[in-house]
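1. A predicted structure for the sequence below; I have some questions about it.
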Amino acid sequence: MSQDAQGRIRSWTETPSRPHFAPPPGAVDAHCHVFGPQARFPFSAKAKYLPQDAGPDMLFALRHRLGFDRNVIVQASCHGTDNAATLDAIARSDGRARGVAVVDPAISEAHLAALHDGGIRGIRFNFLKRLVDDAPKDKFLEVAARLPAGWHVVVYFEADILAELRPFLDAIPVPLVIDHMGRPDVMQGPDGPDMRAFRALLDSRPDISFKATCPDRLDAAGPPWDDFAAAVAPLVADYPDRALWGTDWPHPNMQDAIPDDGALVDMIPRIAPTAELQRKLLIDNPMRLYWAD
């Protein structure tokens, strides 16, 4: 684990490999984050982790190294509901980034409109107890009903609470994106109970997309993440118009098993083996959600 003199943690490799897979022109890294820089954008007092700075210059340099053209920057939990760092990164992107915010459910319409003008196109609800103290479903549904036109809701949860979340997910009145497929146990294989439950969720409404992401988080066997590839490729094949992909850089809380970003990119042809699937995963689906305008 890498810590600086202040005890701040680094969860990303400083020497990512260049991937063998070349993403198609226009490819979108549809799930990444920025941390700080802390001097300009302090971390939340409620943050469960204290990272080293990983700002937009680093993110865009990595994007270039990996062969991507655009980013979707998801508000990191260490910044709480202050989206200033995410908005700053979008503003520095020359139009090549959009974002997902985390908001206080009591946010005003004027503030939502300002987020829209800043490039935000969705809000995130986090149900991971190790990251958030409170996830008020009733207040989440109220704010979801007030979102600007064209926005969606991103939901992050673990597979063991999917059943209890179903009534809440069913009630969200805008399109949904599920982070990391709801963290299924990929060791169960493509037909395991976690994947079957997730497929049932996808089948319940046509406006649910998912991020086929984070083999480093989901595959306990480690690289080359064969269990992840075996479990996720059939999901992408069966729901090709719903799948998104992203690096998850700078990999929050992964300081004890830091992944190689180049190796993550090389997972793409294993879960989306045809050029058509790759185009949907990396271009068509994220562009429809984030650059419809």
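-> Arrived safely.
2. which stretches of the stretch 151-293 of the chain form strands?
-> Taking DSSP state E, counting those that start in this stretch as the test, the strands found in the stretch 151-293 of the chain are 152-156, 176-178, 208-211, 243-244.
3. which element follows the worst-scoring helix or strand of the chain on mean pLDDT toward the C-terminus?
-> Taking all helices and strands of the chain together, the one with the lowest average confidence (mean pLDDT, DSSP states H and E) is strand 2-3, at a mean of 74. Scanning forward in sequence from strand 2-3 by DSSP states H and E, the next helix or strand is strand 9-10.
4. touching that following strand from outside, list them.
-> 1-4, 49-52, 255, 258 (C-beta atoms under 8 Å, 6 or more residues apart in numbering). From N, CA and C alone the C-beta is placed, and that goes for glycine too.
5. what about 6 Å?
-> Strand 9-10 is contacted from outside by 2-3, 51-52, 255, using C-beta atoms under 6 Å, 6 or more residues apart in numbering.
6. give me the secondary structure label for His31.
-> Local secondary structure at His31 is given as strand here, using DSSP: H, G, I helix; E, B strand; the rest coil.
7. residues near it, how many?
-> His31 is surrounded by 25 other residues when neighbours are defined as other C-beta atoms under 10 Å.
8. so it touches Phe210, yeah?
-> No - here His31 lies out of contact with Phe210, judged by C-beta atoms under 6 Å, at a distance of 10.7 Å.
9. can you tell me the helix or strand for Arg63?
-> Assigned by DSSP H and E, Arg63 belongs to helix 56-66.
10. walk me through which strands the helix or strand following that helix pairs with, and which way each runs.
-> Under the assignment DSSP H and E, the closest C-terminal helix or strand after helix 56-66 is strand 70-74. Strand 70-74 has these partner strands in its sheet, going by DSSP bridges: strand 28-32 (parallel), strand 97-101 (parallel).
11. most tightly packed of those strands?
-> strand 28-32 (a mean of 27; mean count of other C-beta atoms under 10 Å).
12. how far off strand 152-156 does that one point, in degrees?
-> Between the axes of strand 28-32 and strand 152-156, defined by axes from the mean of the first three to the mean of the last three C-alpha atoms, to 10 degrees, the angle is 50 degrees.
13. strand 28-32 to helix 56-66, inter-axis angle?
-> Angle between the axes of strand 28-32 and helix 56-66 is 140 degrees (criterion: the same axes, to 10 degrees).
14. got a list of what the nearest residue to Pro51 once chain neighbours are set aside touches?
-> With C-beta to C-beta, 6 or more residues apart in numbering as the criterion, Pro51 has its nearest non-adjacent residue at 4.3 Å, and that residue is Phe35. Contacts were defined as C-beta under 6 Å, 6+ apart; by that measure Phe35 touches 51, 53-54.
15. looking at those residues, which is nearest Pro105?
-> Checking the contacts of Phe35 against Pro105 with C-beta to C-beta, the nearest one is Pro51 at 25.6 Å.
16. by neighbour count, which of the contacts of strand 9-10 wins?
-> Each of these was scored for neighbours by other C-beta under 10 Å, and Pro51 scores highest at 25 neighbours.
17. need the pLDDT of that one.
-> pLDDT, Pro51: 96.
18. one more: Asp134?
-> What the model reports for Asp134 is a pLDDT of 67.
19. ok, now how distant is the residue nearest to Asp261 when sequence neighbours are not counted from Phe68?
-> Leaving out its chain neighbours, the residue that sits closest to Asp261 by C-beta to C-beta, 6+ apart is Pro16, at 3.9 Å. As for Pro16, its distance to Phe68 is 12 Å (criterion: C-beta to C-beta, to the nearest Å).
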